[in-house]
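Enquirer: Got a sequence here, can you model it:
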Amino acid sequence: MSEILIQIALFALIPVITMNLGGIIALIRQPNGNVRSLILHFAAGVVFSVVAVEILPDIVKEHEPVMVVIGFSLGLITMLAIKRFSESKTGEKVNINDSKLPISLLVAVGVDIFIDGLLLGISFNAGKKEGLLLAIALSLELLSLGIATSTELRQNKLSKFRTAGLIFGLTMIFFLSAVLGSSLLANLSHQYIEVVLSFGLSALLFLVTEELLLEAHEEAETAWHTAVFFFGFLIFLILGMVV
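Expert: Below you'll find the predicted structure:
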């Protein structure tokens, strides 16, 4: 394994650890409805900031509108299809072993994490400093996502063991995509990278609007909830400026 792949593997472990830590925190003490809503608002703000700070500028600067339309459309169609087929005719989520597995949420989070890993892997090609700062920023995002995802899985009556297993599986997606981002995508043409990033852009927007915020708004909305969303956005915005 080359030196850069070893560095990526080590730095990718930071977000992996924080997401699993977030999942464990939510398993030990499941937040009440109000705290859960605050966590979801914060996670939505961070993910939305990832879109604005990291993904969207990279897409715009390449000036490949056709590739963007293709990738964005594929992302939207994929997420809508997943959401449609993960629900029964009565509108309830698929029932597996007397628990409700939120497949659309898991896929959306999985796509989010996959894109994050790719971005981390690609960033190391620009320099070690950039990769380290992005790893720290992504650690914050995955910590909040770990808490939010674990909370949602427990709300759907999944066991603690199964919830922990799903969180761990999601972090492995991040780890593998980080290595993939450095080794494979570095050799792809800009056009294909545009399709990948545009697909991720669409999936992340779906995650924010149709999963995180939709679930968060099940509780009574206050000014604090709105402020937490913007606080999450601001944190990653500042970290993105540092990078």
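Enquirer: going forward, measure contacts between C-alpha atoms and count neighbours the same way
Expert: Noted.
Enquirer: how about stretch 22-31 as PDB, C-alpha atoms only?
Expert: The C-alpha trace of stretch 22-31 is given here as PDB (Å, rounded to 0.1, in the frame of the first residue of the first chain):
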ATOM      1  CA  GLY A  22     -22.400   9.300  18.000                       C
ATOM      2  CA  GLY A  23     -24.300   6.200  17.400                       C
ATOM      3  CA  ILE A  24     -23.200   4.700  20.800                       C
ATOM      4  CA  ILE A  25     -24.200   8.000  22.600                       C
ATOM      5  CA  ALA A  26     -27.700   7.800  21.200                       C
ATOM      6  CA  LEU A  27     -27.900   4.100  22.100                       C
ATOM      7  CA  ILE A  28     -26.900   4.700  25.700                       C
ATOM      8  CA  ARG A  29     -29.200   7.600  26.300                       C
ATOM      9  CA  GLN A  30     -31.800   8.000  23.600                       C
ATOM     10  CA  PRO A  31     -32.700  11.700  23.300                       C
END
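Enquirer: Tell me the buried residues in that stretch?
Expert: Using 16 or more other CA atoms under 10 Å as the test for burial, stretch 22-31 gives 22-27, 30-31.
Enquirer: Ok, stretch 194-210 next?
Expert: For stretch 194-210, the neighbour count (16+ other CA under 10 Å) marks 194-208, 210 as buried.
Enquirer: if we can go back for a sec, which of the buried residues of stretch 22-31 lies at the shortest distance from residue 102?
Expert: Nearest to residue 102 among the buried residues of stretch 22-31, counting by CA to CA, is residue 23 at 16.0 Å.
Enquirer: Correct me if wrong: that closest one contacts residue 164.
Expert: Yes. Counting by CA atoms under 8 Å, residue 164 is a contact partner of residue 23 at 6.8 Å.
Enquirer: what sits in contact with each of the two?
Expert: Here residue 23 and residue 164 have residue 150 as joint contacts, going by CA atoms under 8 Å, 6 or more residues apart in numbering.
Enquirer: the helices in the protein, which residues?
Expert: Counting by DSSP state H, one finds helices in the chain at the ranges 3-28, 33-50, 56-62, 65-85, 103-123, 128-155, 160-183, 190-206, 213-216, 223-242.
Enquirer: for the first one, packing partners?
Expert: On a contact count with 3 or more CA pairs under 8 Å, 6 or more residues apart in numbering; DSSP states H and E, helix 3-28 meets helix 103-123, helix 128-155, helix 160-183.
Enquirer: got the angle for that helix vs helix 103-123?
Expert: Here helix 3-28 points in a direction 150 degrees away from that of helix 103-123 (axes from the mean of the first three to the mean of the last three CA atoms, to 10 degrees).
Enquirer: can you pull the buried residues of helix 3-28?
Expert: Within helix 3-28, the residues that count as buried by 16+ other CA under 10 Å are 4-5, 7-9, 11-27.
Enquirer: Right, I'll call it a day here.
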